[in-house]
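In: With the sequence up front, the predicted model follows.
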Amino acid sequence: MTENNDTGGSQEPKVTGGTPGDEDRTPKRVIGTPPPAEDRHLLAPEDGPAAAAAASDEELDEQSARKAERVVAAFFVLAFLASVAFIVYFIGFSGRHGGMHGLSRSREVNYALGTAMTVAFMALAVGVTIWIRRLMTSHPLVQKRGVIASPPEDRKVFTEEFLAGAEDSGITKRPLLRRTLLLAVAPLGLAPVLLLRDLGPLPEKRLRHTFWGDAVRTAQRSGKKGARLVVDGTGVPLKASDFNSPGGIITVIPEGVEKAQEPLNQIAKAAVLLVNIPPDKLKPVKGRENWHVNGIVAYSKVCTHVGCPAALYEQTTHHILCPCHQSTFDATNGAKVIFGPAARSLPQLPIAVDNEGYLVATADFPEPIGPSFWERG
């Protein structure tokens, strides 16, 4: 009689005899666990009904194919219209006011151009996807690896397969798809070329002058000595008596510039660094002896290297520093370059004092401000 002590309902196989290494001690797979790795397949088996169905070409339903063809053509036309909208906006609208986009409209330009180009590429991608999924038959493709150099036989086979693929895609027998596809991609090929327009249009004389010239002429026509210097950010006119501390520095702009067309562009070009230098330290450039007011001099704030704001000033050495590439200018000697990659001095603005004691500009900068450009000469 055999004693059975298994009272817990265990499913483990029992040892009834033999050694501990017998096969009947191997645990059996519990229900719900995955099968062994050798019983699992990552790919479908190479035989069977599924493989046979994949191996045979599918016949397209011509009515459904016609419907899909019209859908694809619609997406291609949408891509064409979006590409044309990109080009039209870039040329006709974002280039208003002489072709310069302007800082104040950069967000509008980016949104409009980005949306148009996104729609163009998305419509083209959706159209091609539907074309492949709905209008091309599916059959297994086997690619054999060979040597890199293609012998004449392979080239012949490639030509045959290419022509067969073209025939299978329907591009030869479906002229509507072919024509709308060409219509969709044609503007996309032209758009990058038009982006070269950002290298122009030619600035002509717009970079040679700043708003100071217009402000001075307007002031002098009304009987004033010149255009007043106002503090950037507050718009308050500045008196010489209010800026009498040696070593002082402040940014000023022409009065009324906020009413100009494209005011941000005009302010960026007309920004001036006003520096108070002890008169005994100042060494005026020849011909500019009367361009300062008791040591107060005005220089363009736009660095002549790449146009960064040269806004750092060292009182002990009277050096103006551009923080971008460390170009250094001597404020006591016509803002000449003493260090760094800048090739020219900062342009100096001629200033004086009007009858009420306010600092005024008596003329525009005598030379173009900022970095060199092709037409500068």
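Out: All right, it came through fine.
In: List the buried residues for the strand or helix carrying residue 110?
Out: Applying DSSP states H and E as the criterion places residue 110 in helix 106-135. The neighbour-count check on helix 106-135 (16 or more other CB atoms under 10 Å) flags 109, 112-113, 116-117, 119-120, 123-124, 126-128, 130-131, 134-135 as buried. C-betas here are computed from N, CA, C, even on glycine.
In: Could you do stretch 272-287 as well?
Out: Buried-residue list, stretch 272-287, by 16+ other CB under 10 Å: 272-277, 282.
In: got it, and stretch 262-272?
Out: 262-263, 265-272.
In: any idea how far it is from the chain center?
Out: On the basis of CA atoms, centre = their mean, to the nearest Å, stretch 262-272 is displaced by 23 Å from the centre of the chain it belongs to.
In: got the contact list for residue 80?
Out: Going by CB atoms under 8 Å, 6 or more residues apart in numbering, residue 80 touches 120, 180, 183-184, 186-187.
In: Buried subset of these, written for ChimeraX?
Out: With 16+ other CB under 10 Å as the burial test, the buried ones among these are selected in ChimeraX as follows:
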select :120,180,183,184,187
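In: now the contacts of residue 80 as a markdown table including pLDDT?
Out: Output for the contacts of residue 80, formatted as a markdown table (pLDDT from 0 to 100):
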| residue | pLDDT |
| --- | --- |
| 120 | 94 |
| 180 | 91 |
| 183 | 90 |
| 184 | 89 |
| 186 | 86 |
| 187 | 85 |
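In: rewinding a little: packing partners for the helix holding residue 110?
Out: Packing contacts for helix 106-135, counted by 3 or more CB pairs under 8 Å, 6 or more residues apart in numbering; DSSP states H and E, involve helix 62-88, helix 175-194.
In: when you compare where it runs with where helix 175-194 runs, what's the angle?
Out: Interaxial angle of helix 106-135 relative to helix 175-194 (axes from the mean of the first three to the mean of the last three CA atoms, to 10 degrees): 150 degrees.
In: Work out for me the element residue 162 sits within.
Out: Element membership for residue 162, per DSSP H and E: helix 152-169.
In: Could I get the buried residue list for that helix?
Out: By neighbour count with 16+ other CB under 10 Å, helix 152-169 contains the buried residues residue 169.
In: Would you mind writing the CA trace of it as CSV?
Out: Output of helix 152-169 as CSV, limited to C-alpha atoms (Å, rounded to 0.1, in the frame of the first residue of the first chain):
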residue,chain,number,x,y,z
PRO,A,152,24.9,43.9,-69.0
GLU,A,153,22.5,41.1,-68.2
ASP,A,154,21.6,42.7,-64.9
ARG,A,155,21.1,46.1,-66.6
LYS,A,156,18.8,44.5,-69.1
VAL,A,157,16.9,42.8,-66.3
PHE,A,158,16.6,46.1,-64.4
THR,A,159,15.3,47.8,-67.5
GLU,A,160,12.7,45.1,-67.9
GLU,A,161,11.7,45.2,-64.3
PHE,A,162,11.5,49.0,-64.3
LEU,A,163,9.2,49.0,-67.3
ALA,A,164,7.2,46.3,-65.7
GLY,A,165,7.0,48.3,-62.5
ALA,A,166,5.9,51.4,-64.4
GLU,A,167,3.2,49.3,-66.1
ASP,A,168,2.2,47.8,-62.8
SER,A,169,1.9,51.3,-61.1
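In: got the contact list for it?
Out: Residues contacting helix 152-169 (CB under 8 Å, 6+ apart): 131, 135-137, 146, 150, 172-173.
In: coming back round to it: which of the helices and strands packed on helix 106-135 sits most buried?
Out: Neighbour counts (mean count of other CB atoms under 10 Å) averaged over each of the helices and strands packed on helix 106-135 peak at helix 62-88, with a mean of 18.
In: tilt between that helix and helix 175-194?
Out: Using the same axes, to 10 degrees: helix 62-88 against helix 175-194 is 20 degrees.
In: tell me the least confident of the buried residues of stretch 272-287?
Out: Ranked by pLDDT, the buried residues of stretch 272-287 bottom out at residue 282, which scores 89.
In: model confidence over stretch 351-363, on average?
Out: 93.
In: how about that stretch: buried residues?
Out: 351-354, 358-363.
In: Out of the residues you listed, which sit inside strands?
Out: If you go by DSSP state E, the buried residues of stretch 351-363 have 351-353, 359-361 in strands.
In: all helices for the stretch 251-377 of the chain, in order.
Out: 263-270 (DSSP state H, counting those that start in this stretch).
In: Distance to residue 231 for the ones in strands among the buried residues of stretch 351-363 - can I get that in a markdown table?
Out: Shown next, in a markdown table, are those (distance: CB to CB, whole Å):
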| residue | distance to residue 231 |
| --- | --- |
| 351 | 14 |
| 352 | 18 |
| 353 | 16 |
| 359 | 11 |
| 360 | 14 |
| 361 | 14 |
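In: tell me which of those is nearest to residue 209?
Out: residue 361 (12.9 Å; CB to CB).
In: give the contact list for the closest one.
Out: Residue 361 is in contact with 212, 215-216, 226-227, 229, 254, 298, 349-351, counting by CB under 8 Å, 6+ apart.
In: got the helices and strands packed on helix 106-135 as TSV, with distance to residue 163 columns?
Out: Converted to TSV, the helices and strands packed on helix 106-135 look like this (distance: least, CB to CB, whole Å):
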stretch	distance to residue 163
helix 62-88	21
helix 175-194	15
